[in-house]
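[1] with the input below, show me the fold.
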Amino acid sequence: MTPMPGNKKEFKRDFRNRKRGNFNPQRERSEENKVMHKCAICSQDIQDLSSAIALPDDMGNPAHFDCVLKKIKENETLGEKQQLVYLGSGSFGIVENVSSSNQSPNYKIIKKIDFEERENIPEWRKQMIKLKI
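    Reported below is the predicted structural model:
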């Protein structure tokens with residue numbers, strides 16, 4: 001058996017876990033290095049930071065995508081055929097289906113909402129880019 005990279009303490013732990021049959025070095029190392037972030041809206045842990053959105057009015061702190069969507073819906077009034085969608089790059093939009101058939105929908109952007117600030121990249125997003133998640 002070849003030792004895993006790391007110190008002697010990690011090797012002993014990995015050896016004991018392998019002996020017990022519950023050895024997964026990637027999972028154990030990723031759990032040790034994982035930094036938990038709290039949602040700035042609901043204050044719960046963010047499990048998937050890659051889907052988080054930076055809040056512009058809260059110094060770029062991360063928030064759940066669904067929490068941001070709910071917050072925008074509370075501030076905007078949607079028409080009967082309108083819906084709120086994510087356009088990409090931190091922007092949301094209110095779109096309306098202008099086609100007469102459901103076979104090939106044709107959407108028109110009624111309003112674009114730039115939510116994230118593009119100039120100031122938050123530190124948690126820079127770390128995520130470095131890790132290439």
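
[2] from here on, just use CA atoms for contacts and neighbour counts.
    OK.

[3] shaky segments in the chain?
    1-12, 14-35, 102, 131-133 (pLDDT under 70).

[4] the residue nearest the centre of it and residue 99, how far apart?
    By Cα atoms, centre = their mean, the chain has its centre lying nearest to residue 51, at 1.8 Å. Remark: distance between residue 51 and residue 99 (Cα to Cα, to the nearest Å) = 31 Å.

[5] nearest residue to the residue nearest to the centre of the chain in space, please, no chain neighbours.
    Residue nearest to residue 51 in three dimensions, not counting chain neighbours: residue 65, with 6.2 Å by Cα to Cα, 6 or more residues apart in numbering.

[6] any idea how far residue 120 lies from residue 130?
    Distance from residue 120 to residue 130, by Cα to Cα: 16 Å.

[7] check residue 63 too.
    According to Cα to Cα, residue 63 stands 20 Å off from residue 130.

[8] and the helices in this structure?
    8-20, 25-33, 65-75, 123-131 (DSSP state H).

[9] helices or strands up against the third one?
    Judged by 3 or more Cα pairs under 8 Å, 6 or more residues apart in numbering; DSSP states H and E, helix 65-75 has no packing partners among the helices and strands.

[10] need the residues that contact it.
    With contact meaning Cα atoms under 8 Å, 6 or more residues apart in numbering, helix 65-75 is reached by 41, 42, 51, 52, 53, 84.

[11] residue contacts, the last one?
    Okay, so that is residue 84. 69, 73, 78, 92, 93, 94, 95 are the contacts of residue 84 under Cα under 8 Å, 6+ apart.
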